[in-house]
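K.L.:
Provided below are the primary sequence and the corresponding predicted coordinates.
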Amino acid sequence: MMTVPVFTLGQLAERLGATLRGAADKAITGLATLHEAGPDQLSFLANPQYRKFLAETRAGAVLLTPSDAEGYSGAALVVANPYLAYAQLSHLFDPKPKAAAGVHPSAVIAADALVDTSASVGAYAVVESGAQIGAGATVGAHCFIGARTVLGEGGWLAPRVTLYHDVRIGKRVVIQSGAVIGGEGFGFANEKGVWQKIAQIGGVTIGDDVEIGSNTTIDRGALADTVIGNGVKLDNQIMIAHNVQVGDHTAMAACVGISGSTKIGKHCMLAGGVGLVGHIEICDGVFVTGMTMVTRSITEPGAYSSGTAMQPAADWKKSATRFRQLDDMARRLQQLEKRLAAVTPAGDASSDA
Amino acid sequence: MMTVPVFTLGQLAERLGATLRGAADKAITGLATLHEAGPDQLSFLANPQYRKFLAETRAGAVLLTPSDAEGYSGAALVVANPYLAYAQLSHLFDPKPKAAAGVHPSAVIAADALVDTSASVGAYAVVESGAQIGAGATVGAHCFIGARTVLGEGGWLAPRVTLYHDVRIGKRVVIQSGAVIGGEGFGFANEKGVWQKIAQIGGVTIGDDVEIGSNTTIDRGALADTVIGNGVKLDNQIMIAHNVQVGDHTAMAACVGISGSTKIGKHCMLAGGVGLVGHIEICDGVFVTGMTMVTRSITEPGAYSSGTAMQPAADWKKSATRFRQLDDMARRLQQLEKRLAAVTPAGDASSDA
Amino acid sequence: MMTVPVFTLGQLAERLGATLRGAADKAITGLATLHEAGPDQLSFLANPQYRKFLAETRAGAVLLTPSDAEGYSGAALVVANPYLAYAQLSHLFDPKPKAAAGVHPSAVIAADALVDTSASVGAYAVVESGAQIGAGATVGAHCFIGARTVLGEGGWLAPRVTLYHDVRIGKRVVIQSGAVIGGEGFGFANEKGVWQKIAQIGGVTIGDDVEIGSNTTIDRGALADTVIGNGVKLDNQIMIAHNVQVGDHTAMAACVGISGSTKIGKHCMLAGGVGLVGHIEICDGVFVTGMTMVTRSITEPGAYSSGTAMQPAADWKKSATRFRQLDDMARRLQQLEKRLAAVTPAGDASSDA
């Protein structure tokens, strides 16, 4: 059974360096939204649209900015950034099991693999020749660690993660279940209509503090490595093709696909379902909205979009039909302008009127 | 080797409560389409566009509505809904192996996990502390069942399914290979350009009679649970983010992505590749066509779409170029209308003509 | 540790039937791009946009066409198709470990499964009743091979591949980690709002020389088999629904989704993120650009597209708003044309001018 963690409000204030308003010995057993929190739970106000729930909340205490705290009479931890404070405290209440150090007797470890004594290797994991598992790292059940692959210290692999051979992973990297790192990139030469395979002889290099979501795939390089920078966060079911480079602290939401050899800058954000063609460059500080098709390089920071907005299907059919006539419409519009200019010589409607 | 099931037409009629037309002792060994069925196979006519194949079919018998049966002289099982009747009989001819009850000797089961004696646990499965496997449930080879996770009675997990800790699954739930339930949701707080992880302390609650396709991922909640209602059907490679709620009997085709905290009603249908942004609500009875980008809440039942229709690439390039000029075109159109009104004061072409 | 392969330039020339220009005994230890190659590495010039790097390359030798070789003074292997030559040589330098023949003691093999003595079966693999593993085939660690499934000679399964029961795979097929072949297709009959499952009693047939990427899913047929032709190449995270047929030598980039019963011709190319609705036919020789939504059959070879081109988000919002007004705009345009014709009877701007 799960044991419930208990902290006093005073302990939490101390951890955060927060200003405590209320009883320091009040017990807090969990976190919840303003709407759902009970009297033993701590909540937070980060998104202004939820301010309306503050007056009604049953939370034992609330993480608030100084200005939001002014209008609130209940117990509070006053901090500069309540969302960040919530992120910091969340780990105290995480029920995620912690694996004990040591290698499960069923794991198959190559004789020349180096597994740090403080690392944990789960049931039925397979660690191949020359692989290295760093200090304090966790390898979940059913993981496969290929030859010469390195998992840095403090890394955490959920059950069932595949790392192919020659993958180099930095420190404190978290990889969710079903992710595949180092699969063979999609490279073929066409010989008279038949595809001839190109061996993918590069590897994958992943920096420190990277997160990789469930069933995300990162292919190995064709020649040089595919490279993921420090602090990069990848959600689930993302596809990173061979020889892509992703800059530090870039985040991608689920179902993004990046084609081969594309280079993405630092501090970018790609929303869900975005697709990038291959061999382009995205500069630092770019935000791409959901499901956008990126077909060319981006050289200026800012937000970018494509697609069309949702409509009732019957209306959409009309728009979609007209879309195919757009070039014709544009030409006719131009023609009309010319013809109207001919009958109204001044060529300016306002002066005519 | 696979043994072929054999039923008589009379037995099948009895199971369905169908009106039998033809020899009750005719042997049926399988199901097939009208086009492909042989004399020992049963077929069905559900989609009117296949009616043309009825006259030519070699099928031993056909599932037909009363009206379709009128025009057909061969053996038939007459039912109100042939497609539903086909669905019901299909299970009789399913070659899917049935696992015997019992725990494979290679499975690793925590001492305090509760595995019902009528359940089947496959080779190399791992069941962690406090997990529960219900009566008649099947856990395939290489499955991972996390701490305190519950799989209800009659559930069926294909080989290699990951259920993280604290996942609650109802009765008769079917999950295909590679699915990941309860992975850590994508939650980070940004601190001066660096992403700070938010522990995902909620779980996942899944109702009864749910189906989950291959490599689909359902993330655990940030605070409260991600919730999938009763009778929900999810195809392959679907992504459900943290704190999403899906209403009863909603179906989603492959490659749908639902962003965090979005709430979907009952009896909705999302076609393949649809994407929903986070924090919106979709009411009951909504149908969204393939690859639509849903960027706002939907409050009325009905069908919704976005995107553009396919064209030859050369034509499409012209349309796409004009799309970027659309606002300019609209302004010029308005301008033309004003100018033309100035030269044709009545402002109405038909009365002018 | 990895041993580095060494070949002389003369040996490589002989393998390719290339014209050697330079010292036959020069040692080559790897392949790299023109930009990155060192003096012990072989490079190649295939894409004209990289010709600029040829003058500066430090490569020990370069694969060149006769015409490119004219302008280059360094060592070269002169061939008709440098990219194809690179593909052929790439396998010599592939660090991918080769598994030894034999069954790992931890693998669970059914008594009546047929595993060729020259095949390799990895740790914790499970091979079920009646399955067959051909000569020289490799089954990676944690693979699951279902009942009666056949993996042809020379096949290679990465660690953690699931093949359900009754899957027939040809010769020399390569499948990456996380792929799921033969999962249950998405078939349900609706009975008063509740989805009733249709057993998926067909299988999957895959031809020779097919490649299947990481986390790609190919569902089994509802009645007959899902069919993948010879030489088909599928990238990662592709979804092939039940009863799809894919013609020989067709290639699909990552994240493509094909809905049920759709038939795709030979020698087609689908770029990343393309989606096809069900029950359509695509003829031979079709190229579909990235993220295109294919909603109808294609009967003429050629290139096809849909979607809109990326814009800065603020501009895009205007375009997207206007898209919803397109039908209205088209009607107003037509109206204007009529009205202008009324005031300029000749109806032709150029003759008016």
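P.N.:
Nice, I can see it. Residues are numbered from 1 along each chain as shown, chains lettered A, B, ... in the order given.

K.L.:
and stretch A:8-24 with chain B, contact?
P.N.:
No: figure legend: stretch A:8-24 not in contact with chain B (C-beta under 8 Å from any C-beta of the partner chain); closest approach 12.8 Å. To be clear about C-beta, it is placed using only N, CA and C from the backbone, and glycine gets the same treatment.

K.L.:
Tell me how confident the model is about that stretch, as a mean pLDDT.
P.N.:
For stretch A:8-24, mean pLDDT rounds to 97.

K.L.:
How far does it stretch from one end to the other?
P.N.:
End-to-end distance for stretch A:8-24, by C-alpha to C-alpha, to the nearest Å: 6 Å.

K.L.:
do stretch A:118-131 as well
P.N.:
Stretch A:118-131 has an end-to-end distance of 16 Å (C-alpha to C-alpha).

K.L.:
Run the chain-centre distance for it.
P.N.:
Offset of stretch A:118-131 from its chain centre (C-alpha atoms, centre = their mean, to the nearest Å): 26 Å.

K.L.:
do stretch A:229-240 as well
P.N.:
The answer for stretch A:229-240 is 5 Å, by C-alpha atoms, centre = their mean.

K.L.:
Check stretch A:43-50 too.
P.N.:
On C-alpha atoms, centre = their mean, the centre of stretch A:43-50 falls 22 Å from that of its chain.

K.L.:
can you pull the alpha-carbon coordinates of it into CSV?
P.N.:
Extracted C-alpha coordinates of stretch A:43-50, given in CSV (Å, rounded to 0.1, in the frame of the first residue of the first chain):
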residue,chain,number,x,y,z
SER,A,43,-3.5,24.5,-4.1
PHE,A,44,-2.1,27.3,-6.3
LEU,A,45,-3.3,30.1,-8.5
ALA,A,46,-1.3,30.5,-11.7
ASN,A,47,-3.7,31.0,-14.5
PRO,A,48,-5.8,34.2,-14.1
GLN,A,49,-8.8,32.5,-15.6
TYR,A,50,-9.1,30.4,-12.4
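
K.L.:
For that stretch, give me every contacting residue.
P.N.:
A:31-35, A:37, A:51, A:54, A:57, A:59, A:61-65, A:68, A:82-83, A:85-86 (C-beta atoms under 8 Å, 6 or more residues apart in numbering or on different chains).

K.L.:
Report the contact partners of the closest residue to residue A:323 other than its chain neighbours.
P.N.:
Once flanking residues are discounted, residue A:323 sits nearest to residue B:308: 4.7 Å by C-beta to C-beta, 6 or more residues apart in numbering or on different chains. Going by C-beta under 8 Å, 6+ apart, residue B:308 touches A:308, A:320, A:323-324, B:319, B:323, C:293, C:306-308.

K.L.:
ok, now with 10 Å
P.N.:
Neighbour list for residue B:308: A:307-308, A:316, A:319-324, A:326, B:316, B:319-320, B:323, C:292-293, C:305-308, C:323 [criterion: C-beta atoms under 10 Å, 6 or more residues apart in numbering or on different chains].

K.L.:
which element is it on?
P.N.:
Under the criterion DSSP states H and E, no helix or strand holds residue B:308.

K.L.:
for chain A, what are the low-confidence residue spans?
P.N.:
Where chain A drops to pLDDT under 70, the residues are A:1-2, A:344-353.

K.L.:
In it, where's the longest helix?
P.N.:
As assigned by DSSP state H, the longest helix anywhere in chain A is helix A:326-343.

K.L.:
Could you pull out the buried residues of that one?
P.N.:
Residues of helix A:326-343 classed as buried by neighbour count (16 or more other C-beta atoms under 10 Å in any protein chain shown): A:326-327, A:329-330, A:332-333, A:336-337, A:339-340, A:342-343.

K.L.:
With the flanking residues excluded, which residue is spatially nearest to residue A:213?
P.N.:
residue A:236 (3.7 Å).

K.L.:
now residue A:290
P.N.:
Leaving aside its chain neighbours, residue A:290 sits nearest to residue A:271 (4.0 Å; criterion: C-beta to C-beta, 6+ apart).

K.L.:
Ok, residue A:178 next?
P.N.:
residue A:215 (4.0 Å).

K.L.:
Could you look up the SS state of the one you found?
P.N.:
coil (DSSP: H, G, I helix; E, B strand; the rest coil).

K.L.:
related to what we said a few turns ago, can you report how many residues lie near the residue nearest to residue A:213?
P.N.:
For residue A:236, the neighbour count with other C-beta atoms under 10 Å in any protein chain shown is 30.

K.L.:
Distance of it relative to chain C?
P.N.:
Distance of residue A:236 to chain C, computed by C-beta to the nearest C-beta, to the nearest Å: 11 Å.

K.L.:
Do I have it right that that residue meets residue A:212?
P.N.:
Yes: using C-beta atoms under 10 Å, residue A:236 makes contact with residue A:212 at a distance of 9.2 Å.

K.L.:
Overlap of the contact sets of the two?
P.N.:
Contact criterion C-beta under 10 Å, 6+ apart; residues shared by residue A:236 and residue A:212: A:176, A:179.

K.L.:
Please state the offset of the longest helix of chain A from the chain centre?
P.N.:
Counting by C-alpha atoms, centre = their mean, helix A:326-343 comes out at 47 Å from the chain centroid.

K.L.:
That helix - contacts with which helices or strands?
P.N.:
helix A:313-323, helix B:313-323, helix B:326-343, helix C:326-343, helix C:349-352 (3 or more C-beta pairs under 10 Å, 6 or more residues apart in numbering or on different chains; DSSP states H and E).

K.L.:
who touches residue A:322 in this structure?
P.N.:
A:328-329, B:308, B:319, C:323, C:325-331, C:333.

K.L.:
Let me know the closest of the buried residues of helix A:326-343 to chain C.
P.N.:
Of all the buried residues of helix A:326-343, residue A:339 has the smallest distance to chain C: 3.6 Å, by C-beta to the nearest C-beta.

K.L.:
Do me a favour and get the backbone dihedrals for the residue nearest to residue A:213.
P.N.:
Backbone torsions of residue A:236, given as degrees, to the nearest 10, read phi -70, psi 150.

K.L.:
do residue A:195 as well
P.N.:
According to degrees, to the nearest 10, residue A:195 has phi -80, psi 120.
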